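Asker: how would this look folded up:
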Amino acid sequence: MKLNTFNDVEKRYHEIKPLVSKYHTLEDNVRPIADRRRKYERIERVHSNKYILRDTLPLESTPQYVNSPWYKKYLELAIERPPITWEKKTNPGGDLTYEEITVRAGINHSYDTSRYNFLREYLPRYMHFNSGSKHFIRHKVVDIEKGVYVGEEGIVRSTTNKYVDRYIPRPEYRWRISATPVTDPDFLLRFRRKDKWPVGVWDFSGPFWPEPRLRVDKHKKNSLKPHIDKFYEWMCIIGPLMPYDDWDYRERMINEINEHKRGVSYFKSLQNPGTLPARLATEIVMDYNHPLRTHLAWHFLTQTDIRGVDTQEAGRKFRNDFNRRANDTFDLQYTEMVQQEN
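Answerer: As a prediction, this is how the structure comes out:
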């Protein structure tokens, strides 16, 4: 179900009969958005100009979790920081009324699946939540008719299929000695639209959160580049002859990597059998006679099929893929927080 405007939310609220059961009275005013069995997915009216779309119920409605400090704190935060809030506002001059939607992603650092699914289901049209390695809200770029400014009365068109990703941080979850979880600041994003704008037209109003960006350590990579280039040339020669897609060969490579790591003290405790830690991969690429040099080539070739490289364009793509994976394999990257301002 898509609720695309403030009026949609208001109308839906008044359409729903409050849930009455042995757990909820009429005064509790629990109004499920859609399926009445999913009563925790509900609409709450704060006042005539503010509605909240919630994905949880108060602790009193979930007494089975009262002895869990983690879940108790989770419920408190989920009530304090709801996934979607719709408001109708007026600018300081009082001459412009607009609606604003506030979106919050997960309460946990990861695996807050119910919140993720709620956002995917109930965010308005042309607004999408992504819960991959980075959380962001993707929305369609507003294409404004010449001479008309966002926020002013007038005709506003959305005639482009271009989307913009608005980054929202994942909350970090930490624990005090008292076993009470504490969280980071309230991460949220706000979008505004004029009441008469077409459905799907939104103007992002912030805040802009510092966004993690992967950077290449150029000094470290330059010192290793001659060795990586020689290894790449050698891998391209032996690669087409290597049965890297054969299951028995794969088992042999993994067993020999594990056996080598067991014989080196600083690799003994490392988990993930068959993997090549950055320190070991660096040792291999710098030593032409290393016993695991073929195994490092196997590591790259299982991710990109060299036998399919039969054109100049395919060759460039293969090299680009190798370079990208080399940055990760040899630990040539670091994360930098970049403040976004547009």
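Asker: who touches E100 in this structure?
Answerer: W86, E87, K88, K89, R190, F191, R192, S205 (CB atoms under 8 Å, 6 or more residues apart in numbering). Just so you know, the C-beta spots here come from the backbone N, C-alpha and C atoms, and that holds for glycine as well.
Asker: specify the beta-bridge partners of the residue most central in space within the chain.
Answerer: Most central in the chain under CA atoms, centre = their mean is H135, positioned 2.5 Å from the mean C-alpha point. With DSSP bridges as the criterion, H135 is bridged to S131.
Asker: wait, isn't it in contact with I168?
Answerer: Yes: the pair H135 / I168 is scored as a contact, 5.0 Å apart, by CB atoms under 8 Å.
Asker: what's stretch 231-246 in contact with?
Answerer: Here stretch 231-246 has contacts from 249-250, 285, 293-294, 296-298, 300-302, 305-307, 319, 322, using CB under 8 Å, 6+ apart.
Asker: just for the stretch 151-300 of the chain, where's the confidence low?
Answerer: 151-161, 173-183, 265-274 (pLDDT under 70).
Asker: where are the low-confidence patches of the stretch 1-150 of the chain?
Answerer: 59-66, 93-96, 109-110, 142-150.
Asker: before we move on, the earlier item: which of the contacts of E100 fall within strands?
Answerer: Taking DSSP state E as the definition of strands, the contacts of E100 contribute W86, E87, K88, K89, R190, F191, R192, S205.
Asker: will you turn those residues into TSV that also has neighbour count and distance to D28?
Answerer: Below are the ones in strands among the contacts of E100 laid out as TSV (neighbours: other CB atoms under 10 Å; distance: CB to CB, whole Å):
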residue	neighbour count	distance to D28
W86	24	21
E87	18	23
K88	18	25
K89	13	28
R190	17	29
F191	20	30
R192	17	32
S205	15	33
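Asker: quick one, what contacts I168?
Answerer: Contact analysis of I168 by CB under 8 Å, 6+ apart lists V103, R104, A105, H135, F136, I137, F187, L188, L189, W209.
Asker: related to what we said a few turns ago, ok, so of the ones in strands among the contacts of E100, who is nearest S131?
Answerer: F191 (18.3 Å; CB to CB).
Asker: which residues does the closest one contact?
Answerer: E100, I101, V103, M127, I137, H139, W202, D203, F204, S205 are the contacts of F191 under CB under 8 Å, 6+ apart.
Asker: one more time with 7 Å
Answerer: For F191, the contact set (CB atoms under 7 Å, 6 or more residues apart in numbering) comprises I101, H139, W202, D203, F204, S205.
Asker: need the residues you listed in TSV (columns: distance to R81).
Answerer: Shown next, in TSV, are the contacts of F191 (distance: CB to CB, whole Å):
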residue	distance to R81
I101	14
H139	20
W202	21
D203	23
F204	19
S205	18
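Asker: so what's in contact with H135 and I168 at the same time?
Answerer: Contacts common to H135 and I168, judged by CB under 7 Å, 6+ apart, are A105.
Asker: how about the strands in the stretch 101-250 of the chain?
Answerer: 127-131, 135-140, 163-167, 173-175, 181-183, 189-194, 203-206, 210-216 (DSSP state E, counting those that start in this stretch).
Asker: burial check on L292, number of neighbours?
Answerer: Residues lying near L292 (other CB atoms under 10 Å) number 20.
Asker: quick one, phi/psi of it?
Answerer: phi -110, psi 20 (degrees, to the nearest 10).
Asker: excluding chain neighbours, what is closest to it?
Answerer: I284 (5.2 Å; CB to CB, 6 or more residues apart in numbering).
Asker: now do the same contact list for the one you found.
Answerer: H290, L292, R293, L296 are the contacts of I284 under CB under 7 Å, 6+ apart.
Asker: what is the neighbour count of the first one?
Answerer: By other CB under 10 Å, 15 other residues sit near H290.
Asker: what distance do you get for the nearest residue to it once chain neighbours are set aside to A297?
Answerer: Sequence neighbours aside, I284 is the residue nearest to H290 in space, at 4.6 Å (criterion: CB to CB, 6+ apart). Distance from I284 to A297, counting by CB to CB, to the nearest Å: 9 Å.
Asker: distance of the residue in the chain sticking out farthest from the centre relative to E283?
Answerer: Distance from the C-alpha centroid of the chain peaks at N289, with 42.0 Å (CA atoms, centre = their mean). Going from N289 to E283 by CB to CB gives 12 Å.
Asker: what of P210?
Answerer: 35 Å.
Asker: please apply the same query to L241.
Answerer: Separation of L241 from E283 (CB to CB) stands at 25 Å.
Asker: next one: L53
Answerer: 54 Å.
Asker: so the two - more neighbours on which side?
Answerer: Neighbour totals were compared for L53 and E283, and L53 leads with 25 against 15 (other CB under 10 Å).
Asker: using the three-state scheme, assign the more buried one.
Answerer: Look at L53: counting by DSSP: H, G, I helix; E, B strand; the rest coil, its state is strand.
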